[in-house]
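Q: Take a look and give me a structure for this.
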Amino acid sequence: MVAVSSGPDDPRRPEPAAGERDQRRGRTAPRLGARRTVLTLRQRIRILLVAGVFAAALTVAGVIAKSHERRDSAARARASGGGQPAAARLKGSGPLVVAAGDIACRAGDEPGPARCLQAATAQVAERLRPDAVLAVGDLQYERGSLEDFRTSFDRSWGRLGALLHPVPGNHEYNADGAAGYFTYFGSRAGRPGRGWYSFDLGTWHVIALNSNCDRVGGCDVTSPQGRWLHADLAAHRNRCTLAFWHDPRFSSGLHGDQEEAIPLWRAVYDARVDVVLGGNDHHYERFAPLSPSGRPDPRLGVRSFVVGTGGRSHYPTVGGHRGSEVRNSTAFGVLALRLLPDGFRWRFVPAAGATFTDSGSARCH
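A: You can find the predicted model right below:
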């Protein structure tokens with residue numbers, strides 16, 4: 001008996017069912033009884049509208065998210081101290097100076113949100129890559145001993161090295177007549193026992209003074225410092241001049257106006273000095289140009305800043321002093337100054353965790 005094989009064209013092979021044919025051709029056979037859904041025009045329009053609203057919502061959410069991201073990024077940049085971006089905003093041809101006073105706690109004192117943040121402000125100063133750093137007194141608490149300078153200040157602001165140009169504050173005199181201060185800074189602090197000196201920076205003349213008047217024989221015109229100051233001002237006729245000392249002539253802080261500084265202010269006012277920096281009160285403050293008596297004098301007056309923001313602690317401000325334009329007692333940081341041939345630009349650059357800033361520009365007399 002011979003077995004007969006039925007091939008694909010064999011007429012004896014039974015015809016496959018419709019479902020089997022479709023499976024062989026790679027498609028699924030329709031189920032019996034299945035219905036096709038036919039959408040009306042109104043339903044189609046409604047679906048398109050819902051889809052459009054959903055897509056628009058996603059777009060808006062994305063825009064908001066990116067906006068928040070940019071805002072947070074900007075806040076982080078401000079809080080980080082700014083570094084090069086802050087310096088870039090002080091564009092111009094001239095040296096970049098940073099300044100602050102009231103700086104370092106003793107070694108071992110724990111930093112907190114409002115105290116002992118000298119390392120944070122030093123980091124801001126370093127990031128700005130300045131040409132000079134003006135250290136505006138009370139640089140080392142509590143007594144300003146040489147040991148304290150070596151174990152605390154030196155590990156923060158001391159990293160700025162030869163860029164530092166200091167003046168003494170009252171805390172420096174709490175240990176052996178500021179012997180630790182003069183030993184630590186050496187020739188950069190001026191002659192030992194005096195503490196005043198000057199130097200040129202770009203086209204500017206810069207004068208460092210000692211406002212501890214009772215420790216150096218007074219500050220009036222007949223005192224050793226007063227005579228030196230008048231001679232120095234007469235010998236340097238630069239278009240622009242900056243002076244800095246610890247005790248500010250004007251302040252809205254707890255210590256307030258320093259009467260002992262009146263002779264110094266009178267001398268720099270008469271010589272048309274352009275800007276004066278001070279510390280002592282632990283806050284930031286900018287004053288309009290003022291006369292020695294505190295009268296607004298936009299033509300001949302001296303603009304001044306209080307920059308007791310170096311990290312030690314904060315003091316509150318008490319009311320608003322006449323001529324005070326901006327005050328802040330919550331941010332540590334440094335004042336950055338771009339010294340231009342005919343003027344200067346300023347910006348307060350905060351340390352990490354703060355967002356306050358202040359900026360502007362002025363022309364020399």
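Q: any idea how far Ser223 is from the closest residue to Leu163 other than its chain neighbours?
A: Nearest in space to Leu163, with sequence neighbours left out and distances taken as C-beta to C-beta, 6 or more residues apart in numbering, is Val133 at 4.6 Å. Backbone N, C-alpha and C define where each C-beta goes, glycine included. As for Val133, its distance to Ser223 is 28 Å (criterion: C-beta to C-beta, to the nearest Å).
Q: Those two - which one has more neighbours?
A: Under the criterion of other C-beta atoms under 10 Å, the comparison of Val133 against Ser223 puts Val133 first, with 22 against 15.
Q: Report the strands that pair with the helix or strand hosting the more buried one, each with its relative direction.
A: Per DSSP states H and E, Val133 falls inside strand 132-136. Using DSSP bridges, the strands paired with strand 132-136 in its sheet are strand 96-100 (parallel), strand 164-167 (parallel).
Q: my read: Trp311 touches Gly112, true?
A: In this structure residue 311 is Gly, not Trp. No - taking C-beta atoms under 8 Å as the contact criterion, Gly311 and Gly112 are not neighbours in contact, 10.9 Å apart.
Q: more crowded one of the two?
A: With other C-beta under 10 Å as the criterion, Gly311 and Gly112 differ in neighbour count, and Gly311 comes out ahead with 29 against 10.
Q: Now do the same contact list for that one.
A: Applying C-beta atoms under 8 Å, 6 or more residues apart in numbering, one finds that Gly311 lies in contact with 100, 102-105, 116-122, 156, 332, 351.
Q: quick one: it and Tyr181, what's the gap?
A: With the distance defined as C-beta to C-beta, Gly311 ends up 18 Å from Tyr181.
Q: and the residue nearest to Leu163, what does it touch?
A: For Val133, the residues meeting the contact criterion (C-beta under 8 Å, 6+ apart) are Val97, Val98, Ala99, Ala125, Trp157, Leu160, Leu163, Leu164, His165.
Q: which two in these are spaced the farthest apart?
A: Distance extremes for the contacts of Val133: the farthest pair is Val97 and Trp157 at 14.6 Å, using C-beta to C-beta.
Q: where along the stretch 101-250 of the chain do the strands fall?
A: Applying DSSP state E, counting those that start in this stretch to the stretch 101-250 of the chain gives strands spanning 132-136, 164-167, 197-201, 204-208, 240-244.
Q: Other residues contacting the last one?
A: The reference is to strand 240-244. With C-beta under 8 Å, 6+ apart as the contact definition, strand 240-244 has outside contacts at 97, 99, 134, 136, 167, 203-209, 233, 264, 268, 271-278, 337, 339-344, 364.
Q: Pull out the buried residues from the following helix or strand past that strand.
A: Per DSSP H and E, the first helix or strand lying C-terminal to strand 240-244 is helix 262-270. For helix 262-270, the neighbour count (16 or more other C-beta atoms under 10 Å) marks Pro263, Leu264, Trp265, Arg266, Ala267, Val268, Tyr269 as buried.
Q: And these, which is closest to Glu147?
A: Nearest member of the buried residues of helix 262-270 to Glu147, counting by C-beta to C-beta, is Leu264, at 31.2 Å.
Q: isn't the closest one right next to Trp245, touching?
A: Yes - with contacts defined as C-beta under 8 Å, Leu264 counts as touching Trp245 at a distance of 6.5 Å.
Q: Between those two, which contacts overlap?
A: Residues touching both Leu264 and Trp245 by C-beta under 8 Å, 6+ apart: Leu209, Ser211.
Q: Can you report how many residues neighbour Arg322?
A: As a burial measure, Arg322 scores 12 neighbours (other C-beta under 10 Å).
Q: check contacts around the closest residue to it other than its chain neighbours.
A: Leaving aside its chain neighbours, Arg322 sits nearest to Gly294 (5.8 Å; criterion: C-beta to C-beta, 6+ apart). The contact partners of Gly294, by C-beta under 8 Å, 6+ apart, come to Phe250, Asp257, His321, Arg322, Gly323.
Q: PyMOL command to pick out the buried ones of the residues you listed?
A: Of the contacts of Gly294, the buried ones can be selected in PyMOL as follows, counting by 16+ other C-beta under 10 Å:
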select buried, resi 250+321+323
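Q: Confidence-wise, which of the contacts of Gly294 comes last?
A: Lowest-confidence member of those: His321, scoring 90 (pLDDT).
Q: phi, psi of that residue?
A: The phi and psi torsions at His321 (degrees, to the nearest 10) take the values phi -70, psi 150.
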